[in-house]
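Chemist: requesting a structural model of the entry that follows:
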Amino acid sequence: MVVVYFMVMSWKNDVSELLAGKLGKPVEILSSSSVGGGSINLAYRLETTAGSFFVKINDAFRYPEMFKKEAMGLEV
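Modeler: Next up, the predicted model:
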């Protein structure tokens, strides 16, 4: 699991760069679809040149370390 913080305005570019770094090849986002069900985070399904991914976005100032804590809970 990868936890990353980025600005909402440029999240697609940030996610593309993060995925490219992790996968070792360029990644282009072909489409994004909003996924509902949560009240705190924005959630999207991404179709990319490297496959499908699920992305959650929140406000790191309002919810500091939320994703980090969530990731630790999932590893237990």
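Chemist: can you pull the contacts of the residue nearest the centre of the chain?
Modeler: Centroid-nearest residue in the chain: Val55, 3.3 Å away (criterion: CA atoms, centre = their mean). Val55 sits next to Trp11, Val15, Ser32, Ala43, Tyr44, Arg45, Leu46 when contact means CB atoms under 8 Å, 6 or more residues apart in numbering. The C-beta positions use only the backbone N, C-alpha and C, and glycine is treated the same way.
Chemist: how about it, secondary structure?
Modeler: strand (DSSP: H, G, I helix; E, B strand; the rest coil).
Chemist: before we move on, what about Gly38?
Modeler: Applying three-state DSSP to Gly38 yields a three-state assignment of coil.
Chemist: contacting residues around the closest residue to it other than its chain neighbours?
Modeler: The shortest distance from Gly38 to any residue other than its chain neighbours is 7.7 Å, reached at Lys56 (CB to CB, 6 or more residues apart in numbering). For Lys56, the contacting residues are Gly38, Asn41, Leu42, Ala43, Phe67, taking CB under 8 Å, 6+ apart as the criterion.
Chemist: could you look up the SS state of the last one?
Modeler: Look at Phe67: counting by three-state DSSP, its state is helix.
Chemist: isn't it right next to Gly73, touching?
Modeler: No - contact criterion CB atoms under 8 Å: Phe67 and Gly73 do not qualify, at 10.6 Å.
Chemist: now the nearest residue to the residue nearest to the centre of the chain once chain neighbours are set aside, what's its secondary structure?
Modeler: Distances taken as CB to CB, 6+ apart place Tyr44 nearest to Val55, at 4.8 Å, with adjacent residues excluded. Following three-state DSSP, we place Tyr44 in the strand state.
Chemist: partner residues bridging Tyr44?
Modeler: Using DSSP bridges, the beta-bridge partners of Tyr44 come out as Ser34, Val55.
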